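Undergrad: Need coordinates for the below:
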Amino acid sequence: MKIFLGKKILFVGIVGLIFGVLWGCGEKPAPTDNSAKVAKSQSDTGVVVIPEKPVQVPKLAPASAPAEVSYLRHEGNLGGDLLITMHLIKQDSAISGCYFYQKVGRPIGLTSHGIPSGVELWENDPDNPGSDEPSGIFTGDFLTSTRPTGYWRSPNTDQQIDFQLQENYPVGATPIALQAISKKIPSCHDTACLSIDLCYPQVKADVGGINHAIEFEVCKHLTGEDRARHPEMTVEKAATALFQEFEELKEGEDGSSWQWSYDINTSVYANEFHVLSLALECYSYSGGAHGLPYETRLNFDLRTGERIRLEDILVPDYQAILKADALKYLKLSMQGTVTDRLSDLGLSITQEEFALPENFYLSQAGLSFIYNPYEIGPYAMGFVEVFLPAKVVRKAMRADGVLASYLH
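TA: The predicted structure follows:
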């Protein structure tokens, strides 16, 4: 279990100057007559329709050079015999992601730190997420090579271990293209402003609508679930609708100093053995004391394209079976004891109210569940993550689910 504050990473870049229209990632540009359709909820039935009416989209700020964003899947070794896999997200000279030892399977977070000779990747101990000190450091040519080499070292000793990696997508893994979009209204410092910064994944060999499922979550972040469910909704239309809503609300109230922002970043936790597990790390601010960070975790079977949900991999009464173990791992990871009440640890729910969320990711070491801010604790607590190892998950595992052949 780990607790950490949400963060946003801004991805900047659109080629050329954009005047009067929004255009979406990988989509055909919107017509220049501003006749794009905007999703609206209509009638008490909840049916969502798209009326034909002009959309007055504000002029956007000139685009800067597009950010170079990519996903890389590396396999290799530490010291020749410790086999590892890395999932990295590169944005220009910044890198984030995770790696895992193939015999263990639990992701260990990585963040980049610039050094004169290139970049270091600092690993974040999953059992001590609040620490500012890395549990290990990779130093190598991650920015310039598809076959990075270098060494891993412990920050507390002089121990160094050479590593070798190469980009690899074996059977059961998929290449991923990252879509980066950055748009805003100009003069954001002293006038009303709305900015949108998105980085979301699209698999290159889409099976069964994986990309559509990901785009739905992006649209939901921008426009809400009702509008996102419209069959004609796209990221382009969702962004256009958000800009129009901002303009309409700003004109109806004193919105001269409004500063709105909607961001999405991506992490990949698993992409092997026909399982894709990722997170959309979202942030929105539309006024108030602070913005709202939240994560949406998505798991897919790469053979069918179907989304993997808990009911697909666990038996129907998994909540009752796993509750005692989940509470134990939660309390111990918060430096408590198994006899502590949740309120003693700062949480806002009782043990009777505690339940595992649908928001989770798969790894070969087990299941990791995420609670967004306010779900079980105050905003200041940030995200709360509960990791259940494979030996616990097996107590409630379906014999015919993907976990049966996936877990170590």
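Undergrad: Point to the residue nearest the middle of this structure.
TA: The C-alpha lying nearest the average C-alpha coordinate of the chain belongs to residue 280 (Cα atoms, centre = their mean; 2.4 Å).
Undergrad: can you tell me the helix or strand for that residue?
TA: strand 275-285 (DSSP states H and E).
Undergrad: The helix or strand just after that strand: how far from the chain's middle?
TA: Downstream of strand 275-285, the next assigned helix or strand under DSSP H and E is strand 292-301. Put simply, strand 292-301 sits 6 Å off its chain's centre (Cα atoms, centre = their mean, to the nearest Å).
Undergrad: Give the buried residues for strand 292-301.
TA: With burial defined by 16 or more other Cβ atoms under 10 Å, the residues of strand 292-301 counted as buried are 293-301. Where you see a C-beta, it was placed from the backbone N, CA and C, and this is true even at glycine.
Undergrad: for stretch 358-378, same thing?
TA: 359-373, 375-377.
Undergrad: Mind jotting down where the helices sit in this structure?
TA: Assigned by DSSP state H, the chain shows helices spanning 210-223, 225-228, 235-252, 310-313, 318-333, 390-393, 403-406.
Undergrad: Among the buried residues of stretch 358-378, which are located in strands?
TA: Judged by DSSP state E, strands contain the following of these: 360-363, 366-371.
Undergrad: so which of the residues you listed would you say is closest to residue 201?
TA: Closest to residue 201 out of those is residue 361 (13.6 Å), distances taken as Cβ to Cβ.
Undergrad: what are the bridge partners for that closest one, then?
TA: residue 368 (DSSP bridges).
Undergrad: right, and it touches residue 280 too?
TA: No. The pair residue 361 and residue 280 does not pass the contact test of Cβ atoms under 8 Å, sitting 11.4 Å apart.
Undergrad: so what sits against both of these two?
TA: Residues touching both residue 361 and residue 280 (Cβ atoms under 8 Å, 6 or more residues apart in numbering) are residue 297.
Undergrad: Relative to residue 279, how far out is residue 122?
TA: Counting by Cβ to Cβ, to the nearest Å, the separation of residue 122 from residue 279 is 19 Å.
Undergrad: no, scratch that, I was asking about residue 150
TA: 27 Å.
Undergrad: Among the two, which residue is more densely surrounded?
TA: Between residue 150 and residue 279, residue 150 has the larger neighbour count (other Cβ atoms under 10 Å), namely 22 against 18.
Undergrad: Run through the bridge partners of the more buried one.
TA: Bridge pairing for residue 150 - DSSP bridges - gives residue 140, residue 163.
Undergrad: and the residue nearest to the centre of the chain, what is it in contact with?
TA: Residues in contact with residue 280 (Cβ under 8 Å, 6+ apart) are 200, 214, 217-218, 221, 264-266, 295-298.
Undergrad: Now the terminal residues of stretch 399-408, how far apart.
TA: Start-to-end span of stretch 399-408 (Cα to Cα, to the nearest Å) is 14 Å.
Undergrad: in that stretch, what's buried?
TA: Buried residues in stretch 399-408 (16+ other Cβ under 10 Å): 401-403, 406-407.
Undergrad: Rounded mean pLDDT for that stretch, please.
TA: Stretch 399-408 shows a mean pLDDT of 93.
Undergrad: What of stretch 139-151?
TA: Average pLDDT, stretch 139-151: 92.
Undergrad: which other residues reach that stretch?
TA: 72, 74, 88, 90, 93, 95, 112, 115, 117-121, 138, 152-153, 160-167.
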